[in-house]
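1. fold the stuff below for me.
(one chain, ligands or ions: 2)
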Amino acid sequence: MHRPVHAVHFETDDACCTRVVAPAVRLQTVQDETPPLPDDKADAMKASLKGMVWVPGGSFTMGSDDPLARPDEQPMHPVKLDGFWMDATEVTNAQFSAFVEATGYITVAERPIEWEELKKQVPPGTPKPPDEVLKPGSLVFTPPDHPVDLHRFDLWWQWTLGADWRHPEGPNSSIEGRASHPVVHIAHEDATAYAKWANKRLPTEAEWEYAARGGLDGKVNVWGDAPVNAKRCNTWQGHFPNENTAEDGFVGAAPVRSFAPNGYRLYDMAGNVWEWCSDLYRADAYGVRTRDLTPGAACWNPSGPSRSFDPRNPDAPTSYVQRGGSFLCNDSYCASYRPSARMGCPPDTGLSHVGFRCVVTAPPPSNGDG
Ligand SMILES: [Ca+2]
Ligand SMILES: [Ca+2]
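-> Ligands and ions are numbered 1, 2, ... in the order given. You can find the predicted model right below:
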């Protein structure tokens, strides 16, 4: 199930070797040729970098041939990136609250579903559903009490009226006491709106994977090749989806920074909640990207395909990339805590395990404060 697509305007480029557009800031390679920022702009930039870490530019191998890897993680290919700043953690409820208080923003999950939009995404002649069904809501993980067919995700995802970022499990739940938890039920346009307000942007898929690897190129996991365990990150222990032993201490999302960071001091790049990227999702994105690539050459700052297609959700008009997996990841079903794992999701779909973090293109730290 997905909600109607709201106006999401996104420009991207098919070409592999294009640079990410940097809004009003300079790349490291040109910083010595430009005058320093005025004090007020420098202060604003410094404030916007609070809580972010510097990810130095470099190259890495994108994708994986691990036995757990899916076909959309291949072919593996070399990628080069400029350095950038990244939020050290997933955006928290406290941070998202500040955005909503400042702007009055209403998330997609809090808005009624517009039938005129929805009917563009269903077979012609489909009757208008009852108004009750078109009220605001979101998809909440609701575990069955017995083992079920793992192809039947509808058996554990329940459309829940009144579920949104303030009510993660439905109208009778709240985020009280969860200020440091990642915000969830976030649609792509919600994440984009927050990023714009914060003078940030969503990471490209390549930036996300490079950052998640933390300098460990070619490893299966963000901590190296050792297998996942309950001390590494917040995933699912037990039989999915009916038995959650929470050996890692968390049935659902954990407060950010509950587990050790990776090599770039980024937290929860494996598990906890999924994180939106700016790239449109195509299962064959890497094949298209490398088709005309000179052997041995690297893609420079790839920004994703110009059109999406997700064979797992072929009716979706648009899909964007999510990365990192969540507290629902289990090797029996979804080993997406791996840095190379990819997921496509319609932009209007926020779920109870989907959040985001942002990046900024700006000069590197000058005094070790990154
Ligand atoms: Ca857990
Ligand atoms: Ca995460």
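2. tell me, how many residues neighbour S326?
-> Applying other CB atoms under 10 Å, we find 30 residues neighbouring S326. C-beta here means a position set from N, CA and C on the backbone, and glycine is covered the same way.
3. burial of the residue in the stretch 251-370 of the chain positioned nearest to ligand 1, as a residue count?
-> Going by CB to the ion, ligand 1 is nearest to F327 of the stretch 251-370 of the chain, at 4.7 Å. Neighbourhood size, F327 [other CB under 10 Å]: 27.
4. wait, doesn't it sit right on N234?
-> Yes. Look at F327 against N234 with CB atoms under 8 Å: they come within range, at 5.0 Å.
5. so what sits against both of these two?
-> Common contacts of F327 and N234 (CB atoms under 8 Å, 6 or more residues apart in numbering): 250, 253-254, 271-272.
6. separation between the closest residue to I113 other than its chain neighbours and Q74?
-> Distance criterion CB to CB, 6 or more residues apart in numbering; nearest residue to I113, sequence neighbours excluded, is L134 at 4.3 Å. Per CB to CB, to the nearest Å, L134 is found 40 Å from Q74.
7. what residues does the chain have near ligand 1?
-> Residues of the chain lying near ligand 1 by CB under 5 Å from the ion: 234, 248, 250, 327.
8. take these and keep only those in helices.
-> Among those, the subset assigned to helices under DSSP state H is empty.
9. wait, which of the residues you listed is closest to W115?
-> F327 (33.5 Å; CB to CB).
10. quick one: contacts for the closest one?
-> Per CB under 8 Å, 6+ apart, neighbours of F327: 234-236, 250-254, 271-273, 353.
11. can you check T245 too?
-> Counting by CB under 8 Å, 6+ apart, T245 touches 237-238.
12. which SS state does it fall under?
-> Classification of T245 using DSSP: H, G, I helix; E, B strand; the rest coil returns coil.
13. distance of it relative to R312?
-> Distance, T245 to R312, using CB to CB: 28 Å.
14. kindly report the same for K196.
-> Taking CB to CB, one finds K196 at 29 Å from R312.
15. redo the residues of the chain next to ligand 1 as a markdown table? Include pLDDT and distance to F153.
-> Putting those into a markdown table (pLDDT from 0 to 100; distance: CB to CB, whole Å) gives the following:
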| residue | pLDDT | distance to F153 |
| --- | --- | --- |
| N234 | 98 | 20 |
| D248 | 98 | 22 |
| F250 | 98 | 21 |
| F327 | 98 | 16 |
